[in-house]
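[1] after the sequence you'll find the predicted model.
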Amino acid sequence: MKALHFGAGNIGRGFIGKLLADAGIHVTFADVNETVVNALIERQSYPVKIVGEDVVVEEVTNVTAVNSTSSDIIDLIANVELVTTAVGPTVLKIISKSVAQGIEKRAANGNTTPLNIIACENMVRGTSQLKAMIFEHLSEDVQAFAKANIGFVDSAVDRIVPPAEEGETDPLAVTVETFSEWIVDQTQFVGDIPAIKGMECTDNLMAFVERKLFTLNTGHLITAYLGVLAGHETIKDSIEDAAILADVTAAMQESGEVLIRRYGFDVDAHAAYIQKILGRFANPYLRDEVDRVGRQPIRKLSPQDRLIKPLNGTLEYGLPNSYLLKGIAAAFLYKNDDDPQAVELQAMFAQQGFEKTLAHYSELNVDSEIVTLAHEAYLALK
């Protein structure tokens, strides 16, 4: 089997690309970083350092790369059996046109071999969103071909992959934690589901999407924002601060109650899952900086993301939410001149005030009690 993977960054190489290659699939990475692309073409392998109780380095082989702006992308999509992405939500729209052109060529060639596309992004049903972007570029005839022969498979992904270690000179070296979780919607595949160790199938994807979003993502972000306020540089340092640990744990318990009500998760099992996540934050081998985790606060304050979606869940079920509100308030104290979204948030905040700014990005009612309570949490935190 051959796969095309968009995104040769740390997550692409350290997580999805590694799982595919380990399963015996030939992986072509697509990226615009010429240094990384050329190194993959030349070496056709790269090292992955896996850090947990032990530290091991594994060599990933049977890989190559192509520049994602190259027309070669279209030929690849016309012929491979699997396309995956780890490019970030904002880049999906950019690659959608190339994918559409590849599908057009696939149709023109009469290639009815099943192709499955899986967006492995930190977003809810990212592949379905990518599909909508792709279909904007396709004629009705090619859309019909795609519906019959191409699976657009939503997934949930979870692995902490920090930036390259300081002093690392190998452009392909990557460090990852031991834990990884890649869950796919088995109902959306066309043809046989590929056998990939580490890829788990479910017919109830949203339960796992929200479990990860409301636990790992919510806790990670609140740890970062409270860590910034406390003067910490890393997630590890932040979560080892007893006050932050208490607040983050309480926020994850609030979001967890939503999951328990919505999906019937076992109470004790979910409590253990929270503790596992907290342990991952404290991994001594991962230098995960709070500024990296806190980036793009506007996206993270949107209705379907890790702060507002669990908050809305607490409103739906009439549950406590004071610690989630504290995390939302802390987002307004995150300042990063190198992050355009942080700059934009602070600019609107300065002009419009807290309540209007929060309502604008979160789509909460500006006159609602919950927005007033969030403002009070901000004033208390400030």
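    Ah, there it is. Only a predicted model underlies this, so the values are computations on that prediction, with no experimental measurement involved. Numbers count the residues shown, from 1 in each chain.

[2] relative to residue 169, how far out is the residue nearest to residue 360 when sequence neighbours are not counted?
    Closest residue in space to residue 360, ignoring its immediate chain neighbours: residue 348 at 6.9 Å, by CB to CB, 6 or more residues apart in numbering. Where you see a C-beta, it was placed from the backbone N, CA and C, and this is true even at glycine. Residue 348 sits 41 Å away from residue 169, going by CB to CB, to the nearest Å.

[3] neighbour count winner among those two?
    Ranked by neighbour count (other CB atoms under 10 Å), residue 348 and residue 169 place residue 348 first, with 16 against 6.

[4] what about residue 312, how many neighbours?
    Other residues near residue 312 come to 18 when the count uses other CB under 10 Å.

[5] what segments of the protein are strands?
    2-6, 26-31, 45-51, 55-61, 63-67, 82-85, 115-119, 150-152, 155-158, 174-177, 181-185, 199-202 (DSSP state E).

[6] pLDDT on the helix ranked longest in the chain, on average?
    In the chain, taking DSSP state H as the definition, the longest helix is helix 242-263. Per-residue pLDDT over helix 242-263 has a mean of 98.

[7] so which elements touch it?
    When contacts are defined as 3 or more CB pairs under 8 Å, 6 or more residues apart in numbering; DSSP states H and E, helix 242-263 packs onto helix 205-212, helix 218-230, helix 235-239, helix 267-281, helix 308-317, helix 322-331.

[8] who's in contact with the shortest one?
    Contacts with helix 235-239, where a contact means CB atoms under 8 Å, 6 or more residues apart in numbering, come from 220, 223-224, 226-227, 230, 232, 244-245, 248, 278, 281-284, 286-290, 293.

[9] measure residue 51 to residue 159 for me?
    Taking CB to CB as the measure, residue 51 falls 12 Å from residue 159.

[10] follow-up on the earlier one: okay, the strands of the chain in CSV with distance to residue 37 next?
    What follows is these, written out as CSV (distance: least, CB to CB, whole Å):
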stretch, distance to residue 37
strand 2-6, 12
strand 26-31, 6
strand 45-51, 12
strand 55-61, 15
strand 63-67, 4
strand 82-85, 16
strand 115-119, 21
strand 150-152, 26
strand 155-158, 23
strand 174-177, 15
strand 181-185, 24
strand 199-202, 25
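
[11] run the angle between the longest helix of the chain and helix 322-331 for me.
    Helix 242-263 and helix 322-331 are oriented at 120 degrees to each other (axes from the mean of the first three to the mean of the last three CA atoms, to 10 degrees).

[12] can you lay out the strands of the chain as TSV showing distance to residue 265, mean pLDDT and mean neighbour count?
    As requested, the strands of the chain are exported to TSV (distance: least, CB to CB, whole Å; pLDDT from 0 to 100; neighbours: other CB atoms under 10 Å):
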stretch	distance to residue 265	mean pLDDT	mean neighbour count
strand 2-6	32	98	24
strand 26-31	34	98	24
strand 45-51	28	95	19
strand 55-61	32	95	13
strand 63-67	37	98	20
strand 82-85	28	98	24
strand 115-119	25	98	25
strand 150-152	27	98	23
strand 155-158	14	93	24
strand 174-177	23	93	24
strand 181-185	14	96	21
strand 199-202	14	96	16
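
[13] coming back round to it: figure out how far the longest helix of the chain is from the centre of its chain.
    Centroid separation between helix 242-263 and its chain, computed with CA atoms, centre = their mean, to the nearest Å, is 20 Å.

[14] can you check stretch 327-344 too?
    Counting by CA atoms, centre = their mean, stretch 327-344 comes out at 19 Å from the chain centroid.

[15] buried residues in it?
    Under the neighbour-count criterion of 16 or more other CB atoms under 10 Å, stretch 327-344 has 327, 328, 329, 330, 331, 332, 334, 336, 339, 341, 342 buried.

[16] apart from its neighbours in sequence, what residue is nearest residue 344?
    residue 298 (6.3 Å).

[17] ok, back up a step: same list (the helices and strands packed on helix 242-263) but as CSV, adding distance to residue 111 and mean pLDDT.
    Formatted as CSV, these follow (distance: least, CB to CB, whole Å; pLDDT from 0 to 100):
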stretch, distance to residue 111, mean pLDDT
helix 205-212, 28, 93
helix 218-230, 41, 98
helix 235-239, 45, 97
helix 267-281, 42, 96
helix 308-317, 39, 98
helix 322-331, 46, 98
